[in-house]
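1. Dropping the sequence and predicted coords here.
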Amino acid sequence: MIQIKLHNTRTRRREAFTPIDPGHVKVYVCGPTVYDRAHLGNARPVVVFDVLIRLLRARYPRVTYVRNITDVDDKINARFLETGEEISEITTRTTQWFHDDMEALGALPPDVEPRATAHIPEIIAIIQRLIQGGHGYEAQGHVLFAVDSDPDYGKFSGRSTDELIAGARVEVAPYKRAAGDFVLWKPSPDELPGWDSPWGRGRPGWHIECSAMSWKHLGTDFDIHGGGSDLIFPHHENEIAQSTCAFPGSHFARYWVHNAMLLVNGEKMSKSRGNFLTVEEVLHQAPGEALRFLLLKTHYRSTLDFTDSTIAEAKRELDRFYRALELHSAVTPADEVPDVFLVALADDLNTPAAIASLHRFADAALAGDAKAAASLKAAGSILGILRQAPSAWFSDGIDQTTLHKLVVARNSARERKDYAEADRIRSEIESRGIVIEDGPNNSYTLRKR
RNA sequence: GGUCCGGUGGCAGAGUGGUGAUGCAGCGGACUGCAAAUCCGCGAAUGUGGGUUCGAUUCCCGCCCGGACCUCCA
């Protein structure tokens, strides 16, 4: 029985993971705001937490994974005001894009995918609790959270409220009692999405949504809360303040897991730098599985640099794994995922070390060990890779009938030892992005370059 | 300015107070008509200056460099 260890942002240390209820592990991860195509940075937490969920499911009998959709937000409104497209169309279409992209990355859907707009009653209920408890106040149609009312505010992200005020780079709204107070509810004009509330027509602030949705679907106390490290402050700090103040005595999430940021060619992605890469764009240059594997080749708490060469390398490594599986295409996956792999993965999701063990299995499989091939496949399934048939991996999208004529012509050239012609045909095949590998007796294998 | 993280071979990327994983690339060899794939083998690294220690890449301090957060952000 392996012991899973996780780096807990709350304590800044690696801790043994002990669920509140070993019979039912509960996980919440912050999902996307649906206003545009998912970018590579969005993909990292999805893949990282997908592996964590697969690991938890291998270890515990029941795991509930909740990942929200934020479908009411300034950016969505801005898109509407800019293009005139209906809000619901924007959010529905963008959500579908997100689902398509994440499926291409081999990420399992969460058990519950709550939308913020479907949880307005819960949001209002929490805000009312906060007001009643002296943690929220109304001002000019807004409801704000009073950070001074929570002695623990700032502890999670390691900041004092003094620092927050001193470091504030944003002009403080005049209706705030303290500079660090943040919005729970704000007024919304008629042309923008809004809901009736005790404070007039308005819409929820961003942070309160996650407090409401995690409460609704996981309760006031649950095991793991995940997200990108850029959410530690203010988003997660605020979630903790809201949830623990609304439900005195509760602890909200026990373990906080944050993935590090992703760079493109050494730089943070941003539209102004022109290096903003969407998942869809990358899927044009490499299979989703290669992108997934690339995301797992770096430990989740380290900055990851995406480049053309790292994605190409990820694909080459998978090629070798699939060759090893191809050699034993008849084997069924082992029921048991090898311990050496699980131990590495359980150690704060050390995917690079776990992948190193995959290479050992591949070595053995290529040397003829069928059991190693089964282990490779079983371990791969925890990482969410190596799930397709090797033939599909190598030849997906290749028009076999068109190529067959070329291959036959090349083989006959080889038989009459006209190697110049044989090489010419090989170049022609390769010009289509296909590599041909000769086997014995004129057999051959085609694979994508 | 404040808070925090990191600097490992050509590149990517783990771990560790006591011979520095793994992969990609490169080089030599086997195999091949030639390749590809596979196999065998090879070279190659802990930013810098101190400290603690029998011993530091690992712990502590300074410095240099890079990055993140403090504002919407995965």
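-> Everything's here; your move.

2. can you map out the helices along the stretch 1-150 of chain A?
-> For the stretch 1-150 of chain A, the helices defined by DSSP state H, counting those that start in this stretch cover A:40-59, A:74-83, A:87-104, A:120-132.

3. weakest of those helices in terms of mean pLDDT?
-> The weakest mean pLDDT among those belongs to helix A:74-83, with a mean of 91.

4. I would like the residues contacting it, please.
-> A:33-36, A:85-87, A:90-91, A:192-193 (C-beta atoms under 8 Å, 6 or more residues apart in numbering). In short, each C-beta sits where N, CA and C put it, glycine included.

5. now do 10 Å
-> Here helix A:74-83 makes contact (C-beta atoms under 10 Å, 6 or more residues apart in numbering) with A:33-36, A:70, A:73, A:85-91, A:94, A:186, A:188-189, A:191-193, A:203, A:206.

6. Say whether RNA strand B is contacted by it.
-> Yes. With C-beta under 7 Å from any atom of the strand as the criterion, RNA strand B is reached by helix A:74-83 at A:74-75.

7. report the angle between the axes of that helix and helix A:87-104?
-> 120 degrees (axes from the mean of the first three to the mean of the last three C-alpha atoms, to 10 degrees).

8. Sketch out the low-pLDDT regions of the stretch 101-250 of chain A for me.
-> Scanning the stretch 101-250 of chain A for pLDDT under 70 picks out A:160-172.

9. if you set the cut-off to 50 instead, what comes out?
-> Applying pLDDT under 50 to the stretch 101-250 of chain A flags the ranges A:166-169.

10. Okay, and the beta partners of the residue in the stretch 201-350 of chain A positioned nearest to RNA strand B?
-> RNA strand B sits closest to A:G228 of the stretch 201-350 of chain A, with a gap of 1.7 Å, by C-beta to the nearest atom of the strand. In this entry, A:G228 is beta-bridged to A:N259, by DSSP bridges.

11. right, and it touches A:R44 too?
-> Yes. If you go by C-beta atoms under 10 Å, A:G228 and A:R44 touch, sitting 7.4 Å apart.

12. anything in contact with each of these two?
-> Common neighbours of A:G228 and A:R44, counting by C-beta under 10 Å, 6+ apart, are A:259-262.

13. So which residues on the stretch 201-350 of chain A come close to RNA strand B?
-> Counting by C-beta under 7 Å from any atom of the strand, the stretch 201-350 of chain A sits next to RNA strand B at A:206, A:227-235, A:259, A:261-262, A:268-269, A:297-299, A:302-305, A:309-310, A:313, A:316-317, A:320, A:323, A:348, A:350.

14. same thing but 6 Å
-> A:206, A:227-231, A:233, A:235, A:261-262, A:268-269, A:297-299, A:302-305, A:309-310, A:313, A:316-317, A:320, A:323, A:350 (C-beta under 6 Å from any atom of the strand).

15. among those residues, which are in helices?
-> A:206, A:297, A:309-310, A:313, A:316-317, A:320, A:323 (DSSP state H).

16. Now render the residues you listed as JSON lines, adding neighbour count.
-> Listed next are those as JSON lines, based on neighbours: other C-beta atoms under 10 Å:
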{"residue": "A:W206", "neighbour count": "18"}
{"residue": "A:K297", "neighbour count": "15"}
{"residue": "A:S309", "neighbour count": "7"}
{"residue": "A:T310", "neighbour count": "14"}
{"residue": "A:E313", "neighbour count": "15"}
{"residue": "A:R316", "neighbour count": "9"}
{"residue": "A:E317", "neighbour count": "18"}
{"residue": "A:R320", "neighbour count": "14"}
{"residue": "A:R323", "neighbour count": "18"}
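
17. Same list (those residues) but as JSON lines, adding distance to A:V407.
-> Below are these laid out as JSON lines (distance: C-beta to C-beta, whole Å):
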{"residue": "A:W206", "distance to A:V407": "57"}
{"residue": "A:K297", "distance to A:V407": "34"}
{"residue": "A:S309", "distance to A:V407": "31"}
{"residue": "A:T310", "distance to A:V407": "33"}
{"residue": "A:E313", "distance to A:V407": "29"}
{"residue": "A:R316", "distance to A:V407": "24"}
{"residue": "A:E317", "distance to A:V407": "27"}
{"residue": "A:R320", "distance to A:V407": "24"}
{"residue": "A:R323", "distance to A:V407": "19"}
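
18. which one among those residues gets closest to A:R254?
-> A:W206 (23.2 Å; C-beta to C-beta).

19. Would you mind listing what in the stretch 1-150 of chain A touches RNA strand B?
-> Listed as neighbours of RNA strand B in the stretch 1-150 of chain A under the rule C-beta under 6 Å from any atom of the strand: A:30, A:32-33, A:41-42, A:44-45, A:75.

20. Skipping its backbone neighbours, what lies nearest the closest residue to RNA strand B within the stretch 1-150 of chain A in space?
-> Nearest residue of the stretch 1-150 of chain A to RNA strand B: A:G41, at 2.5 Å (C-beta to the nearest atom of the strand). Take A:G41 and drop its neighbours on the chain: the residue closest to it by C-beta to C-beta, 6 or more residues apart in numbering is A:L262, 5.0 Å away.

21. for A:S157, same thing?
-> Here the residue nearest A:S157, using C-beta to C-beta, 6+ apart, is A:F233, at 3.9 Å.
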